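1. requesting a structural model of the entry that follows:
(one chain, ligands or ions: 1)
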Amino acid sequence: MTQASIIDGKAFAATLRQRIAVEVAKIQGAHGLKPSLTVILVGEDPASQVYVRNKGTQTLEAGMDSVTHRLDAATPEAELLAMIESLNNDPACNGILVQLPLPGHINESKVLAAISPDKDVDGFHVINVGRLWTGQQALVPCTPYGCLLMLKDHFGGNLSGKRALVLGRSNIVGKPMAALLLAESCTVTVAHSRTADLPARCREADILVAAVGRPEMVKGDWIKPGAVVIDVGINRVDAPEKGEGKSRLVGDVAFTEAADIASAITPVPGGVGPMTIACLLRNTLVAACRQNGIDAPDI
Ligand code: GUN
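-> The predicted structure is shown next:
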């Protein structure tokens, strides 16, 4: 049995960040524009703190300005909305990201709707969702965009006619992933926990994107021989074999068995994960260019 090639998201993301840094330097030289990303973190969620720190570091490494606002968990919604309004009106701020999840007393939809669509580097605003689905110029959610870049690279740029199955229907990954694959002329199925005959549906797919958040749910025999598998899941599970109280990260796909069947697969960690921040930097650069009437680089 041939083994799937491993799609190295860590290396891919590093190359992408390098290309972004080159474009940032070019645009700064030619136009005196230094793109700036503002991240707002409300509360002390440990995972969010790590993500926000990494976003700040990688933004600076790409040659852009990074601003982080850390707000108390009890911050009133009105205060957060006022901060967003002020950033919307600040020409020095090109991208705004409010880290999710938010504390329970804050209405997430209201907050996302308050961000100017042109600075919405997460691509979560309904205006950007509508633009994406109608084929207009949008800011696109980072994780699915990262998956698309890896797929296009693997297939030499052409996904036309491929059968793609997206497992998961979240607003952050599943739905925008389906829109992006449809725009590439794939035949797209969106499957989820209620899909009938799920293994059989998965076995029809040339491209399988798993984004359900269920550890190792997709088994080897769910995969069409030769399919390309993109695993968006990041699940922490107990790992008693590593010692008491230890854990490890696994994806939504049972990697070892899937790698015996697929032609290519992303690992967890080191697959999709590193692409998300790289695409956030890309969106910040693109947003800054569009706001200033500069042609955005094709990244
Ligand atoms: N929390 C987990 N993933 C994300 C993301 O992509 N964007 C934001 N804003 N929050 C997140």
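2. so the residue of the stretch 51-200 of the chain found nearest the ligand: helix, strand or coil?
-> Closest contact between the stretch 51-200 of the chain and the ligand, by CB to the nearest ligand atom, is at residue 100 (3.6 Å). All C-beta spots, glycine's among them, are computed from the backbone N, C-alpha and C. Using DSSP: H, G, I helix; E, B strand; the rest coil, the three-state assignment for residue 100 comes out as coil.
3. use 26 as the first number for this chain going forward.
-> Okay, residue one is now 26; in that scheme the one you just asked about reads as residue 125.
4. not counting residues beside it along the chain, what's closest to it?
-> If you skip the residues right next to it in sequence, residue 125 has residue 133 as its closest partner in space, 6.7 Å away by CB to CB, 6 or more residues apart in numbering.
5. wait, doesn't that neighbour sit right on residue 139?
-> No. With the criterion set as CB atoms under 8 Å, residue 133 and residue 139 do not qualify as a contacting pair; they are 10.8 Å apart.
6. which of those two has more neighbours?
-> Shown here are residue 133 and residue 139; by other CB atoms under 10 Å, residue 139 has more neighbours (20 against 14).
7. re earlier: pLDDT score for the residue nearest to residue 125?
-> pLDDT recorded at residue 133 is 98.
8. cool, and residue 26?
-> Value for residue 26, per-residue pLDDT: 63.
9. now swap in residue 30 and tell me
-> As summarised for this prediction, residue 30 has a pLDDT of 98.
10. and residue 125, how far from residue 78?
-> Residue 125 sits 16 Å away from residue 78, taking CB to CB, to the nearest Å as the criterion.
11. and what of residue 172?
-> Between residue 172 and residue 78 the distance, using CB to CB, works out to 24 Å.
12. helix/strand/coil for residue 134?
-> Assigned by three-state DSSP, the conformation of residue 134 is helix.
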